[in-house]
Structures are given as C-alpha cells and as structure tokens.
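In: pasted the sequence and its predicted model underneath.
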Amino acid sequence: MTSPTLILILGDQLSAEISSLTDADPAATVILMAEVAAEADYVWHHRKKLAFVFSAMRHHAAALRDAGWMVDYVALDDPANSGSLRGEVARAIQRHRAQRLIVTAAGEWRLRSDMVGWAAALGVSVDIRADDRFLCSEAEFAAWADGRKALRMEYFYRDMRRKTGLLMEGKQPAGGQWNYDADNRKPAARDLMMPRPRRTAPDATTRQVLALVEQRFPDRFGSLDDFWFAVTRDDAQAQFDDFVATALPRFGDYQDAMLGGEPFLYHSVIAQYLNIGLLDPLSICQAVERAWREGHVPLNAAEGYIRQIIGWREYVRGIYWREGHDYAHRNALAATRPLPDFYWSADTDMACVRAAVEQTRDHAYAHHIQRLMVTGNFALLAGVDPHALHLWYLAVYSDAYEWVEAPNTIGMSQFADGGLLASKPYAASGAYIDRMSDYCSGCRYDVKAKSGAKACPFNRLYWPFLIRHADRLARNPRMAPMYRTLNNWGVDKRAALIADGEACLSELGL
Ligand code: FAD
Ligand code: DLZ
Ligand code: SF4
C-alpha cells in the first residue's frame, strides 16, 4: 500500500456497517483504533464502563482483521501512545504515509468540534461522514421540529412508527392505540419470578483489559468485580434474545417498578450495546414486534419497549444535535448546590438513594425510574447544579454518551432546559417512591411523615421546590393541582415548609 486511506473507528462505532467503511477497499485501507487517555478521562468514567469499551474495541478489531481488514490498534499502555485521538491520527498518518482520513462523525459535540479542525492541523483531507445508525437523521429531526411550538416525544414517536411500519396495521397503530403506558404502572411484588440478564464470562482479552483498568485507574469510581457484560455482537445478541424470552413479556407492566436487591427487574440492560454499535436498534425492534405477532408477548410490553427505542432514544438524540453545544450547560431553574458526596459514596440513610448508588457502583447500571425518580428527583428537589449532575450521569453508567445522557439529565430529569423536552418537572414526594418500590419499608426515614427530622427528605423538599419555582411552574396546567393545594395554605404554613426544607438539607450535610 503506497498511500492508504486511513479510517478511524471510535470506541462507540463498533457497528459492522459503520458509514466510514461502506465503500472502502480493504486492500487500500488501514483502519485505526486507539485507546486514549483523553477519552478515558474527559469524565470520570466508571471502571466497568472503561473495561467494557476497551474490551469491545479489542474484540471488534479482531473481528475486522478476521474479515480481511488491516487494523492498526493502539493500546492504552503502548508507550508511544500520545493520549489523544488527534495525536493518534497524526502518528498513524506518519506511520502509513496516509493522505486521506475518513471517519464517521463523533457522537458528542466535544469531539465532533475537534474533528472539524483536523484537516488543517494534520495536512490531509478529512471526510467526516454522517452517522447513519439512527432511524431519524439530524436533518430529518430538525425538519420535524421546525415551526412546532412544543416538541413532544409522543408525536415524534408516531411518525417513527409510520416511517418504520413497526406495530402498524395499515395506517393505524396495532391494537388501535399508539401508546399503552396507562397499563404500565404496576409496582413489583417480591414473589414475582425474577429473570436476570444473561451473563457472559470474561475471556482472556476481557481479563487483560480488567487488569489494565485496575492498574491504570485505581482510584476511579466503580467496582470491577463480577464483570458479565457482553463484549461482542454475538454475545450482546444472545443477551437480548434471552431478555425477549424471559423478561420482555412483563417489561410493560413493571417498567416503572423498583425493588431492593433487584437492580435489573424486567429491563433489558442493552443500552450499552446499542450505544457502541454492538446491537442495531431497528433489528431489535423488529424482533420485539415478531415476538408480539407470534403471541409470545403482550402488546403493552412490545409497544412500551419499541417506544423507548424508536421514540425516546431517537428523540433525545434529535434534541441534542438541534439544541447545540450549550445544551449541557443550561440551568433554567438556577440550581447551584454542589453534587452531594453520597452520589459517589452511597453513604446516606435514604434507602432509595443508597440502593441506586450502590448498584450503580457495582453494575454501572440503574434502570430508568431509578435514574429519573430517585437520583434525578432528589437532585431536582435539592437544587443541585444540573451540570454537576450531568457529569455524574455521564460518568457512572456503562451506556452513558452525551447525546443521550444530556437530554435525559438536563431536559427530562432537571427541567434545566426550561421545559423544551419535558412538559413538567419530574418532581415527586416520597409517596411516589413508596408506591413503586419496597425501599421505604427498610428506610430510617418515615415516608408518611411530612416534616421534622424523621420525615422522608423527598417529602420535606417537595413543597419548598414548588414554592421556589412558583413563578415558572404555577401556570403550567400539569402542575395546577399542586399549586391549588399550595395556594390554600397560608403564609405561615408556607414559611414553615421552607424552613423545614432548609433544615432537611442541613441535616443531610448539604
Ligand atoms: P430498558 O428499560 O430495557 O429500555 C430499552 C432501551 O430503550 C434502552 O436500552 C435504551 O436504548 C432505550 N431507552 C429507554 N429509555 C430511554 C430514554 N429516556 N432515552 C433514550 N433511550 C431510552 N440512556 C442511555 O442510553 N444512556 C445514558 O447515558 C442515559 N442517561 C440517562 C440519564 C437520566 C437522568 C435518565 C433519567 C435516563 C437516562 N437514560 C440513558 C435513559 C434510560 O434510563 C436508559 O436508556 C436505560 O435505563 C438503559 O437500561 P436498559 O437497557 O435496561 O433499558
Ligand atoms: C467512551 C470511550 C472511551 C472510554 N475510550 C475510548 C477510546 O479510548 N478510544 C475511542 O476511540 N473511543 C473511546 N470511547 C468512546 C468515545 O468517547 C466516543 O466515541 C466519543 O465520546 C463520541 O461519542
Ligand atoms: Fe426514599 Fe423517603 Fe422512602 Fe426513605 S422514606 S426510601 S428516603 S422515599
């Protein structure tokens, strides 16, 4: 090869059909993959996430070599490793005397913006291609959003159903309804059969990576013990197939439920595979539809699951790229409290928060309702700086990438985009957590008590939150019942609620 084309494949671009490779000639191409400190350090990624990404990258490189590609792989502990993707591209250009670089656009503003400067800095032509692993392109989302007063996921989702034909009977939604969420709010009972995600035993490559991460990141958050994630396409698919057979039938019913000691319940635990390209979103949804058509799963489960992927996942990505660079810095509610230490240590008497942080530490996983209604809800009520919280969510979950994490945190969970994504803040008192979980029975706080040192902190912080943001929220029709209650209370009662909220924060050391 005199002057090969260099194709850079990033750690979350492990799809067989990535756009950078579509028209490449294996005989005239060098694929570059690089483990670099800059990507490992831009937030304090959980150690399981680091091991997962590096092991999946190494397995993908091996699969590409088996398929006949020439892969130049730079390991994190290579003494010559420059520590950044730009640096590794520069070194590879020299090594291979390449004059052309192709890359699929990065999934975060941070890296995408950097790439724009590569051609000038590196002196080669750089072809940055659209990432077409999504059902809705950035341009298509922008066209959908333009001119709309409100960007509601439900309408976007219906368009995605029409576009993909998933769960459609002609022009009508299967079963006559677009959305079966009203059937999906059951709390889980202890005596339910509890499926567990299929586990993949670490092979020699994963064991090597686990040792590397242990040695290189001794002080990072997150346990490396009991690593069971799939790191290849086949094993990720096998875990998903197992989910369809064992847990999907009840996914709908128990989607919002939480149980102590059951971190996964009826969730699929596949976002980490989708987000780095080991699984393909459309194929996943087609398999779910098949399972419904064959009578294996009820419609509320199939619809609920497909909605998460073609609805929420695509919608938040559209918002991320449409809203621009500053999205992760928005702070519509002007919240400034530092992130509590117990988000890292789990050292809190709040049983629900403790459980969510402990399982996050152990598994790099918490399901949606734990993220939204426990850790997210607490931060919202306590007035935690949304950017600090965003950096936490981006670090601690194996599936976290800014394009999906930031809209969920800044928009859905913290209302920090001022209501662009969510029609009302996901703020709730302890009663919600009590209804949907069994945490409260084992908690030192009393979920029925409204104020005072023994009362549930979610209760003590809830009304002060509403009072604090009355100017912005009181006119929101979905908040009207709460503000009617509040307005029936006199000035003294409201002052007492505010004082009790302050006392609560100080008792929690915040
Ligand atoms: P399941 O419950 O089995 O759902 C199936 C799939 O649907 C998921 O794998 C995921 O791909 C998709 N999905 C479900 N809900 C959402 C959603 N709200 N947005 C986008 N996709 C969704 N998801 C991420 O993939 N990465 C993140 O960094 C991330 N950060 C989040 C932060 C906060 C504050 C909140 C509230 C949610 C976040 N989510 C994130 C969304 C959701 O919590 C996770 O996708 C889900 O918990 C992953 O677990 P699972 O694979 O078992 O999902
Ligand atoms: C998440 C991640 C990590 C931890 N490490 C690497 C890496 O060493 N090399 C790489 O190419 N990609 C890595 N990634 C994924 C990137 O961070 C991801 O491509 C960008 O954040 C854009 O989404
Ligand atoms: Fe969480 Fe409050 Fe229930 Fe304790 S009582 S588990 S703090 S909701």
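Out: That came in fine, so what should we check first? Numbers count the residues shown, from 1 in each chain. Ligands and ions are numbered 1, 2, ... in the order given.

In: after the lengthiest helix in the chain, next one along is what?
Out: Of all the segments of type helix in the chain, defined by DSSP state H, the longest one is helix 47-66. Once the chain leaves helix 47-66, the next helix or strand it forms, by DSSP states H and E, is strand 70-74.

In: got the contact list for the one helix or strand residue 494 maps to?
Out: Using DSSP H and E, residue 494 falls within helix 491-507. Here helix 491-507 makes contact (CB atoms under 8 Å, 6 or more residues apart in numbering) with 337, 382, 451-453, 455, 457, 460-461, 463-465, 467, 486, 489. Yep, even glycine has a C-beta here, placed from its N, CA and C like the rest.

In: can you do 6 Å?
Out: Applying CB atoms under 6 Å, 6 or more residues apart in numbering, the contact partners of helix 491-507 are 451, 457, 460-461, 463-464, 467.

In: among those residues, which ones are buried?
Out: 451, 457, 460-461, 463-464, 467 (16 or more other CB atoms under 10 Å).

In: so how far is ligand 2 from residue 125?
Out: 21 Å (CB to the nearest ligand atom, to the nearest Å).

In: tell me what that residue is bridged to.
Out: Beta-bridge partners of residue 125, counted by DSSP bridges, are residue 100.

In: burial count for residue 229?
Out: The tally of other residues near residue 229 (other CB atoms under 10 Å) stands at 26.

In: quickly find the element holding it.
Out: Per DSSP H and E, there is no helix or strand for residue 229.

In: next: residue 136.
Out: Assigned by DSSP H and E, residue 136 falls outside every helix and strand.

In: hmm, residue 316 and it touching each other?
Out: No - counting by CB atoms under 6 Å, residue 136 stays clear of residue 316, with 11.0 Å between them.

In: and residue 317, what does it touch?
Out: residue 403.

In: now it: phi and psi?
Out: Dihedral angles phi and psi of residue 317 (degrees, to the nearest 10) take the values phi -70, psi -40.

In: now do the one 3 residues further on
Out: Dihedral pair for residue 320: phi -60, psi -50, per degrees, to the nearest 10.

In: same check on residue 256?
Out: Here is the backbone geometry of residue 256 (degrees, to the nearest 10): phi -100, psi 0.

In: the longest helix of the chain packs against which elements?
Out: strand 70-74, helix 204-216 (3 or more CB pairs under 6 Å, 6 or more residues apart in numbering; DSSP states H and E).

In: for ligand 1, find the nearest of the ones you listed.
Out: Nearest of those to ligand 1, taken as CB to the nearest ligand atom: helix 204-216 at 19.6 Å.

In: how close does residue 232 sit to ligand 2?
Out: Distance, residue 232 to ligand 2, using CB to the nearest ligand atom: 17 Å.

In: nearest spatial neighbour of that residue, skipping sequence neighbours?
Out: Using CB to CB, 6 or more residues apart in numbering and skipping the chain neighbours, the partner closest in space to residue 232 is residue 59 (4.9 Å).

In: mind pulling the model confidence for the one you found?
Out: On pLDDT, residue 59 comes in at 98.

In: follow-up on the earlier one: what is the nearest of the buried ones among the contacts of helix 491-507 to ligand 3?
Out: Distance to ligand 3 across those (CB to the nearest ligand atom) is lowest for residue 457, with 5.6 Å.

In: please report the distance of the closest one from residue 9.
Out: 46 Å (CB to CB, to the nearest Å).

In: with residue 200 instead?
Out: Counting by CB to CB - residue 200 and residue 9 are separated by 22 Å.

In: and for residue 478?
Out: To residue 9, residue 478 is 44 Å away according to CB to CB.
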